[in-house]
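In: no FASTA, just this:
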């Protein structure tokens, strides 16, 4: 492969990287993250092409130069690339700031509730506004599984969480024993679960389906099998699923072994 072919290959790969339309994101969080990635690519790819072109040109021009002369100072060039670098860094910082401060990426502390479901201390959890019709799920990680508590519905599930599509969902995360991490890569969700405190993930999932939740922090011998299913359904089917749970003074527990029945109840149209 000659230099022209190599250069053409770099340019073509960069063009395809920018031009290919990404698959539609399944959640607001994923959409925001992919938007930032695209903005950074629009800066990074032209810079990479420019650097490679200059490199190939320098190699080609000076390949037979056995007596190179020292580089001369060019103040105008130095001022130009300093200003260009500053502009690029300002763009990257501004784009990143806009995404990182979005309420779905970094939920703002709007309201604190100290007792959810009776007597649990939720210090540090970010709560929705009082008029927000959001779903709240208290998520407890342990070696090696997940408990999902729906305090307003008096329902608890093991390794299965069901939420409605196009609705704000607040996952309040904590751990019963050691450090874990809640990670749903298809939805762009990731947060540490820490014993003794709560972290909050706020999301709004637009595509119904079943997504896998992993623990992304090594937590012991059973780490590789610590996962759960996050199922997203329509609002009607979500209400039907809740109605199918046995409401008593003791929260209902839907175990992983009963996941087939849960999925079937979700998939069935509401009565």
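Out: Sure, I can see it. Since we're looking at a predicted model, the values are computed, not measured.
In: Can you get me a residue count around residue 79?
Out: For residue 79, the count of nearby residues is 10 (other CB atoms under 10 Å). No exception for glycine: its C-beta is placed from N, CA and C like everyone else's.
In: Can you give the distance of the helix or strand harbouring residue 36 from its chain's centre?
Out: Element membership of residue 36 [criterion: DSSP states H and E] is helix 28-62. Between the mean C-alpha location of helix 28-62 and the chain-wide mean there is a distance of 23 Å, by CA atoms, centre = their mean, to the nearest Å.
In: What score does the nearest residue to residue 100 once chain neighbours are set aside have for pLDDT?
Out: Leaving aside its sequence neighbours, residue 100 sits nearest to residue 106 (CB to CB, 6 or more residues apart in numbering; 6.0 Å). Looking at residue 106, its pLDDT reads 83.
In: Phi first, then psi, for the closest residue in space to residue 140 that isn't next to it in sequence.
Out: Spatially, and ignoring its direct neighbours in sequence, residue 140 is nearest to residue 147 (4.2 Å; CB to CB, 6+ apart). Here is the backbone geometry of residue 147 (degrees, to the nearest 10): phi -110, psi 130.
In: just residue 170 next, same as before
Out: The phi/psi pair for residue 170 (degrees, to the nearest 10) is phi -110, psi 110.
In: Any idea what it is bridged to?
Out: With DSSP bridges as the criterion, residue 170 is bridged to residue 136, residue 202.
In: and if you look at residue 210?
Out: Here residue 210, judged by DSSP bridges, has bridge partners residue 231.
In: I'd like the numbering to begin with 22 instead of 1 from here.
Out: Right, with 22 as the first residue, what we last looked at is residue 231.
In: residues touching it, list them.
Out: 250-253, 284 (CB atoms under 8 Å, 6 or more residues apart in numbering).
In: What does the pLDDT read for it?
Out: For residue 231, the pLDDT comes out at 92.
In: Tell me the spacing between it and residue 208.
Out: 11 Å (CB to CB, to the nearest Å).
In: Spit out the residues that contact these two alike.
Out: Counting by CB under 8 Å, 6+ apart, the residues touching both residue 231 and residue 208 are residue 251.
In: Show me what whatever helix or strand residue 119 lives in packs onto, helices and strands only.
Out: Assessed by DSSP H and E, residue 119 sits inside helix 96-121. Secondary-structure packing of helix 96-121 (3 or more CB pairs under 8 Å, 6 or more residues apart in numbering; DSSP states H and E): helix 49-83.
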